[in-house]
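>>> quick one, structure for this:
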Amino acid sequence: MIRYRSVYIGYLIFALGIALTMATNIKRSSFDQFGYVHGPLKWAIALTASLGAILEVIDTSIVNVALTDMQASLGATVSEVGWVVTGYAIANVVLIPLSAWLGDYFGRKTYFIFSLIGFTIASVLCGLAFNLPMLVLSRILQGLCGGGLLAKAQAILFETFPPAEQGLAQAVFGVGVIAGPAIGPTLGGFLVDGLGWRWIFFVNIPFGIVAVAMSFMFLPKDKDKSQTQSQSVDWFGIGFLIIAIGCLQTLLEEGEKEDWFSSGLITTLAIASIIGLGLFIWYELKIAHPAVDLRVLRHRSLAAGSVLSAVVGMGLYGTLFAVPIFAQSVLHFTATQTGLLLAPGALASAIVMVLLGKLSSKIDARFLIAMGAVGSSGVMFQLAAITPQTGTDDLFWPLVWRGAFTVLMFLPLSLAVLGPLPKQDVSAGSGFYNLTRQLGGSIGIALLTTLLDRRQTFHRAILLEKLSPYDPETNQRLDLLNGALQSQGIDAATAQQQALALLSQTVNTQAAVLSYADCFRVVGIGFLCSLPLLLFLGKGGAGAKAPISH
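Residues are numbered from 1 along each chain as shown. Prediction:
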């Protein structure tokens, strides 16, 4: 333990040294008439904002590989330990749409630093948790603080960089958002197998401290907030939002476990979410200073792009949900092996993101998004060809191409949706855009979980119909299994029972493979069905102009 502490201290001193060196080499930046930053400071701001976003995104998925260890360590049931993931997700999606108002009310820099400090402290509490309630409450706090990092980081970049440089800026941000869900299980697998589950939280500490230090040094000072703070807080709007989004996210997280609407809890959550959403929309459009400015949806690019963002979220998070489960349940991979399976795709995303950042300002965003959607759909249909004999080599290139094509959708879509917005609407627009992607991911996972379960039952029933004591092929297979087992010294009666068990296991495996193939096809079809939404988007980087200053 002492060795790991010294490594942490050494890394922290090194990272802070780099930050201080950057600070001394960066001259005070200049601002143009639109408020954009000029000079090297803008790249320091980009790295600072992106580091905060990466911490939030990785923590969304890093916990998944540690749930079994948490369950054993804390003496929890499977359903109870699931709230470690659910609590974080609910808190996260509730805060994302409020991030614009909170940034305006407290100041962009102040709120971002507060979120980073809170996220780091919550990570410490998660790692020190001595029972499940403390861990769940700490994860909720972590989600509340993390919700302000993702949307605020993207808004900071759009408010810092002029339109001509948004491609590279969003590429820096996008590397973490796209690669993070794949990096999380990889990093989590190494930490859980090597050090224990508590280190998936402790690893945030040095990065959180460095991000806070960089935020103090590099983020511009907050503007005068006297006018915003003199306005009354929209408590009703915040309350309705918590009911609507909180109930919806809980429904999506717990629906499959509760057998959906056959459960009174899920039905109640659905009704509460619909009522809360209706009251929220009515009230926010009624008052002059809402907590969430729904009026930004008047921008056609944001309205259509948010729907498309949900589809991207379904494909991004849904695929990264299905592939690891397939690898662990069918291929019997360990957590580390599963993480390594996803790592090349994450690397491909990072490489394509940087390359595309330089080209996005010259190419129509709609063309790139269409390429990404068609390419991603093709990859999904390729993954649908899996068999029980599928191995790492068969999945390598499809997952690499998935990572590359996802970037073609993500980066140009961000530019096409948020680029045309007036600067004063970017923060609220970014909140909506990131919320729809997160909810899209939750909806995609919920749908794929249900589809996996239902289709596996369906395929198993079909396969069992073909197995009959009167079927020559079935009897031949049983005879072969019987003979193989008896040749190992097993008596005839036991061999007969084990042969039937092996045949049943084969049926279950084949049914599972067919159900995963169905899921990949559904995701592929979803990408193709989203293409008409491109008609409502602008050219993005290729047609970007400086917004009018207000």
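
>>> how about low-confidence regions in the stretch 151-300 of the chain?
Applying pLDDT under 70 to the stretch 151-300 of the chain flags the ranges 176, 179-182, 224-232.

>>> quick one: the helices in it?
166-194, 199-202, 204-218, 226-229, 235-254, 264-286, 300-329 (DSSP state H, counting those that start in this stretch).

>>> remind me what the third one packs against, helices and strands.
Under the contact criterion of 3 or more Cβ pairs under 8 Å, 6 or more residues apart in numbering; DSSP states H and E, helix 204-218 touches helix 2-25, helix 41-61, helix 108-128. Yep, even glycine has a C-beta here, placed from its N, CA and C like the rest.

>>> which of those helices has the lowest mean pLDDT?
Lowest mean pLDDT within those: helix 2-25, a mean of 53.

>>> pull the contacting residues for Leu395.
Val323, Ala327, Leu341, Leu383, Ile386 (Cβ atoms under 8 Å, 6 or more residues apart in numbering).

>>> enumerate every residue touching Glu253.
By Cβ under 8 Å, 6+ apart, the neighbours of Glu253 are Gly82, Val85, Thr86, Ala89, Ile90, Ser442, Ala446.

>>> that older thread, could the contacts of Leu395 go into a markdown table alongside pLDDT?
Below are those laid out as a markdown table (pLDDT from 0 to 100):
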| residue | pLDDT |
| --- | --- |
| Val323 | 80 |
| Ala327 | 81 |
| Leu341 | 82 |
| Leu383 | 89 |
| Ile386 | 85 |
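
>>> drop anything exposed from those.
Neighbour counting with 16 or more other Cβ atoms under 10 Å marks Val323, Ala327, Leu341, Leu383, Ile386 as buried within those.

>>> tell me which of those residues is nearest to Ile238?
Val323 (37.1 Å; Cβ to Cβ).

>>> among the contacts of Glu253, who's most crowded?
Ile90 (26 neighbours; other Cβ atoms under 10 Å).

>>> and stretch 433-452, what's buried?
433-449, 451-452.

>>> out of the contacts of Glu253, which are inside helices?
Val85, Thr86, Ala89, Ile90, Ser442, Ala446 (DSSP state H).

>>> so can I have TSV of these showing distance to Thr250 and pLDDT?
What follows is the ones in helices among the contacts of Glu253, written out as TSV (distance: Cβ to Cβ, whole Å; pLDDT from 0 to 100):
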residue	distance to Thr250	pLDDT
Val85	12	78
Thr86	7	76
Ala89	9	80
Ile90	6	80
Ser442	10	77
Ala446	11	77
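
>>> let's have the helices of the stretch 151-300 of the chain in TSV, adding distance to Gly75.
Formatted as TSV, the helices of the stretch 151-300 of the chain follow (distance: least, Cβ to Cβ, whole Å):
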stretch	distance to Gly75
helix 166-194	18
helix 199-202	19
helix 204-218	25
helix 226-229	46
helix 235-254	21
helix 264-286	24
helix 300-329	23
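
>>> Leu294: which of those helices is closest?
helix 264-286 (5.0 Å).

>>> which other helices and strands contact the closest one?
Using 3+ Cβ pairs under 8 Å, 6+ apart: helix 264-286 touches helix 235-254.

>>> restricting to C-alpha, output the helix it packs on in PDB.
The C-alpha coordinates for helix 235-254 follow below in PDB (Å, rounded to 0.1, in the frame of the first residue of the first chain):
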ATOM      1  CA  TRP A 235     -37.800  25.600  -7.300                       C
ATOM      2  CA  PHE A 236     -41.000  24.300  -8.900                       C
ATOM      3  CA  GLY A 237     -39.300  23.700 -12.300                       C
ATOM      4  CA  ILE A 238     -36.400  21.900 -10.600                       C
ATOM      5  CA  GLY A 239     -38.900  19.700  -8.600                       C
ATOM      6  CA  PHE A 240     -40.900  18.800 -11.700                       C
ATOM      7  CA  LEU A 241     -37.600  18.000 -13.600                       C
ATOM      8  CA  ILE A 242     -36.400  15.700 -10.800                       C
ATOM      9  CA  ILE A 243     -39.800  13.800 -10.800                       C
ATOM     10  CA  ALA A 244     -39.900  13.500 -14.600                       C
ATOM     11  CA  ILE A 245     -36.300  12.600 -15.300                       C
ATOM     12  CA  GLY A 246     -35.700  10.700 -12.100                       C
ATOM     13  CA  CYS A 247     -38.700   8.500 -12.500                       C
ATOM     14  CA  LEU A 248     -37.900   7.900 -16.200                       C
ATOM     15  CA  GLN A 249     -34.300   6.900 -15.500                       C
ATOM     16  CA  THR A 250     -35.300   4.600 -12.600                       C
ATOM     17  CA  LEU A 251     -37.900   3.000 -14.800                       C
ATOM     18  CA  LEU A 252     -35.300   2.300 -17.500                       C
ATOM     19  CA  GLU A 253     -32.800   1.000 -15.000                       C
ATOM     20  CA  GLU A 254     -35.200  -1.300 -13.100                       C
END
